[in-house]
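1. Sharing a sequence plus its predicted fold:
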Amino acid sequence: MSLSRLSTLLVVAIIVFNLQNTLGIDRDDLVIVFEDSFDSGPRLNGSIWNSDYPWGTFYNHRANMARRQVSISNNRVNLTAIAMRSTTITNIDTADYGLVDLDYTSGAIYMNSRISLTRGLVVIRMQAPPAKSTWPMIMLVPTDETLPILSMDIFEDRKNIGYSFQYTSPSGSRASVSGTARSLGDNSNDMHSYSIDWGYDKVTFFYDNITLRSFVQSTELTQITEMRLVLALGVGGRSPSIPSLNATDYPQTLLIDSVEMWSPKYDGRYTIINLKSNLSAEVQSGQMQDRILVVQNNYTGAAWQTWDIKYIGNSQYKIINVNSRKVLDVHAWQTDDNAKVVQYTFNLKENQIWHIMQHDDQTVSFVNVWSQKVASILNGSAQAGVQMVQRTFDNGLDQKWKVTRLN
Ligand SMILES: *[C@@H]1O[C@H](CO)[C@@H](O)[C@H](O)[C@H]1NC(C)=O
Ligand SMILES: *[C@@H]1O[C@H](CO)[C@@H](O)[C@H](O)[C@H]1NC(C)=O
Ligand SMILES: *[C@@H]1O[C@H](CO)[C@@H](O)[C@H](O)[C@H]1NC(C)=O
Ligand SMILES: *[C@@H]1O[C@H](CO)[C@@H](O)[C@H](O)[C@H]1NC(C)=O
Ligand SMILES: *[C@@H]1O[C@H](CO)[C@@H](O)[C@H](O)[C@H]1NC(C)=O
Ligand SMILES: *[C@@H]1O[C@H](CO)[C@@H](O)[C@H](O)[C@H]1NC(C)=O
Ligand SMILES: *[C@@H]1O[C@H](CO)[C@@H](O)[C@H](O)[C@H]1NC(C)=O
């Protein structure tokens, strides 16, 4: 990727973050479920972390992994690679890079199956070792250790940041979407954060909170069940014959400062009740077609008054009517106050994706990503049958909703 292409990406990403900041939304759509800053002593917590890989001690590069190469110093996990053989196994056939000799020894850690993530965000803060031949890797793998795999890595010069989502194609073979970004600085000079976020529709990779790339993969993401985190320091990397691989460069250390895991706040079936009227959002009379109004009405438990709220990815949700399977949608991409909210077939358009803004009283507002306005009731009415519209957020009680999980 050229520098000019990267700076375009950075500008786009910065605009997105500013929009979110003006609304005060920054990971507000997620809840932290796991955090380790490695500051509670000289050992990894054995009820969370194991050493090596979930599937053994080697993978697709030249190091065999050994527990003794993992330590904690100064509240950081230290994975150190050395130019020393620790196994009699040689010439493993890596699917990606051909035959490699396991003539180095390094460290990897992974999380127990009890701590896994089905959808959400993982943030790793780490500092790469300086040698170009080292290959720091972040991977999310299924508990059964097959595809799909989400990963980020640093390779060759310390500015290449790789990212990929590998999955099984319809024909049963391995397929992927992936890319490489170039950072401006050398990632062995200091700590940086590397993040992977995924939901039902999008997988997004971040570097220092800036979006590197977001892929729409709605079909492939259904392959993800529970993912476990693996952090490893590979050797020889994506270029097993990299000319700079020189034993005199070793030992080399990857330092991991912290790990965070965030889950979507909403993922399931819910009722959505207006705070002002105490009436339920419903698709008018349970009709099935596109463009039918959403109104408020007495809650009866009808399927057209219940909603599946699902995490699209990248801090966005879709709100699906259980009866029609259509989603809340700002009609005709309007941006004006009082534009109506209807149901429409989901096709991942911005006028049908939402942030969920949480208030202190546990109610929420649904912020449309396209218009930045919130789901409200026309004129703030408390009468049954009045329609849902969008309006600039003004703290109105009709703009706040009680969302209660049903299953
Ligand atoms: C290790 O992790 C477990 C599970 O999260 C936690 O209950 C325990 O307090 C941790 N132990 C230490 C020493 O931090
Ligand atoms: C990491 O561990 C290695 C091997 O134990 C040690 O030589 C090195 O000084 C450690 N690095 C840091 C920054 O703590
Ligand atoms: C990324 O965002 C988090 C949470 O807002 C913040 O704590 C952290 O400092 C940010 N990191 C960078 C590199 O901007
Ligand atoms: C490895 O590094 C050492 C020390 O920098 C140097 O003398 C030697 O020529 C290097 N070997 C190769 C094969 O590059
Ligand atoms: C809604 O419920 C209220 C209070 O229970 C009742 O007075 C009203 O008639 C109901 N409206 C409809 C349309 O069923
Ligand atoms: C809201 O409506 C429900 C019935 O749908 C009723 O049980 C509840 O008492 C009402 N709450 C208020 C504050 O009116
Ligand atoms: C909403 O208010 C406007 C005037 O502000 C009025 O014309 C309209 O009839 C009202 N609609 C409802 C449903 O109350």
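-> Structure's in. What do you need? Numbering: from 1, shown residues only. Ligands and ions are numbered 1, 2, ... in the order given.
2. Around the closest residue to residue 224 other than its chain neighbours, how many other residues sit close by?
-> Leaving out its chain neighbours, the residue that sits closest to residue 224 by CB to CB, 6 or more residues apart in numbering is residue 148, at 5.6 Å. For glycine as for every other residue, the C-beta is placed from the backbone atoms N, C-alpha and C. With neighbours defined by other CB atoms under 10 Å, the count for residue 148 comes to 24.
3. going forward can the numbers begin at 152, since that is how I track them
-> Happy to do that; since the first residue is 152 now, the last one works out to residue 299.
4. so what's residue 299 scoring on pLDDT?
-> pLDDT for residue 299: 97.
5. thinking it is in contact with residue 318, fair?
-> Yes: the criterion here is CB atoms under 8 Å, and residue 299 meets it with residue 318 at 4.3 Å.
6. Could you name every residue contacting both of those two?
-> Common neighbours of residue 299 and residue 318, using CB atoms under 8 Å, 6 or more residues apart in numbering, are 371, 374.
7. and this structure, which residues reach ligand 7?
-> Residues of the chain lying near ligand 7 by CB under 6 Å from any ligand atom: 529-530, 532, 537.
8. if you set the cut-off to 8 Å instead, what comes out?
-> Contact residues (CB under 8 Å from any ligand atom) of the chain with ligand 7: 529-530, 532, 534, 537-538.
9. So which of these wins on neighbours?
-> residue 537 (20 neighbours).
10. so who does that one touch?
-> Going by CB under 8 Å, 6+ apart, residue 537 touches 446-447, 528-530.
11. what's the answer for residue 259, then?
-> By CB under 8 Å, 6+ apart, residue 259 lies in contact with 202-204, 216, 221, 230, 381-384.
12. Tell me how many other residues crowd whichever residue of the stretch 302-451 of the chain sits closest to ligand 7.
-> Per CB to the nearest ligand atom, residue 446 is where the stretch 302-451 of the chain lies closest to ligand 7, at 10.3 Å. The number of residues packed near residue 446 is 22, by other CB under 10 Å.
13. what does residue 179 give?
-> Applying other CB under 10 Å, we find 17 residues neighbouring residue 179.
14. Which secondary structure state is assigned to it?
-> When classified by DSSP: H, G, I helix; E, B strand; the rest coil, residue 179 comes out as coil.
15. Check the residue of the stretch 402-551 of the chain found nearest ligand 1 and give its pLDDT.
-> Relative to ligand 1, the nearest point of the stretch 402-551 of the chain is residue 412 (11.8 Å; CB to the nearest ligand atom). As predicted, residue 412 sits at a pLDDT of 96.
16. ditto for residue 405
-> Residue 405 carries a pLDDT value of 98.
17. Doesn't residue 373 lie inside a strand?
-> No: membership of residue 373 in a strand is not supported by three-state DSSP, which gives helix.
18. tell me the contacts of the closest residue to it other than its chain neighbours?
-> Among residues not flanking residue 373 along the chain, residue 351 sits closest, at 7.8 Å (CB to CB, 6+ apart). Taking CB under 8 Å, 6+ apart, we find residue 351 in contact with 270, 369, 372-373, 461-464, 469.
19. quick revisit: I'd like the distance between the residue of the stretch 302-451 of the chain closest to ligand 7 and residue 539.
-> Residue 446 is 7 Å from residue 539, where distance means CB to CB, to the nearest Å.
20. okay, and the common contacts of those two?
-> Joint contacts of residue 446 and residue 539 (CB under 8 Å, 6+ apart) are residue 432.
21. Could I get the full set of strands for the stretch 202-351 of the chain?
-> Per DSSP state E, counting those that start in this stretch, the stretch 202-351 of the chain carries strands over the ranges 214-216, 221-224, 227-232, 243-245, 249-251, 255-257, 259-262, 271-278, 285-293, 300-306, 311-319, 325-333, 343-349.
22. Sheet partners, orientation included, of the second one?
-> Same thing as strand 221-224. With DSSP bridges as the test, strand 221-224 is paired with strand 227-232 (antiparallel).
23. The fifth one now?
-> Sheet pairing here is set by DSSP bridges, and for strand 249-251 it gives strand 243-245 (antiparallel).
24. Looking at the residue of the stretch 252-401 of the chain found nearest ligand 1 now. What's its pLDDT?
-> Per CB to the nearest ligand atom, residue 266 is where the stretch 252-401 of the chain lies closest to ligand 1, at 7.5 Å. Here, the pLDDT recorded for residue 266 equals 85.
25. Same check on residue 436?
-> Reported pLDDT at residue 436 in the predicted model: 96.
26. Neighbouring strands - and their directions - for the longest strand along the chain?
-> Ranked by residue count and defined by DSSP state E, the top strand of the chain is strand 403-415. Looking at strand 403-415 with DSSP bridges, its partner strands are strand 181-187 (antiparallel), strand 227-232 (antiparallel), strand 271-278 (antiparallel).
27. tell me the most buried of these?
-> Ranked by mean neighbour count, those are led by strand 227-232 with a mean of 23 (mean count of other CB atoms under 10 Å).
28. Now it: average pLDDT?
-> The pLDDT scores in strand 227-232 average 98.
29. In PDB, list the C-alpha atoms belonging to that strand.
-> C-alpha atoms of strand 227-232 as PDB (Å, rounded to 0.1, in the frame of the first residue of the first chain):
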ATOM      1  CA  ARG A 227       4.500  -6.900  30.600                       C
ATOM      2  CA  VAL A 228       4.400 -10.300  29.000                       C
ATOM      3  CA  ASN A 229       7.800 -11.000  27.600                       C
ATOM      4  CA  LEU A 230       8.000 -13.500  24.700                       C
ATOM      5  CA  THR A 231      11.600 -14.100  23.800                       C
ATOM      6  CA  ALA A 232      12.900 -15.800  20.700                       C
END
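30. residues contacting residue 483?
-> Residues near residue 483 by CB under 8 Å, 6+ apart: residue 490.
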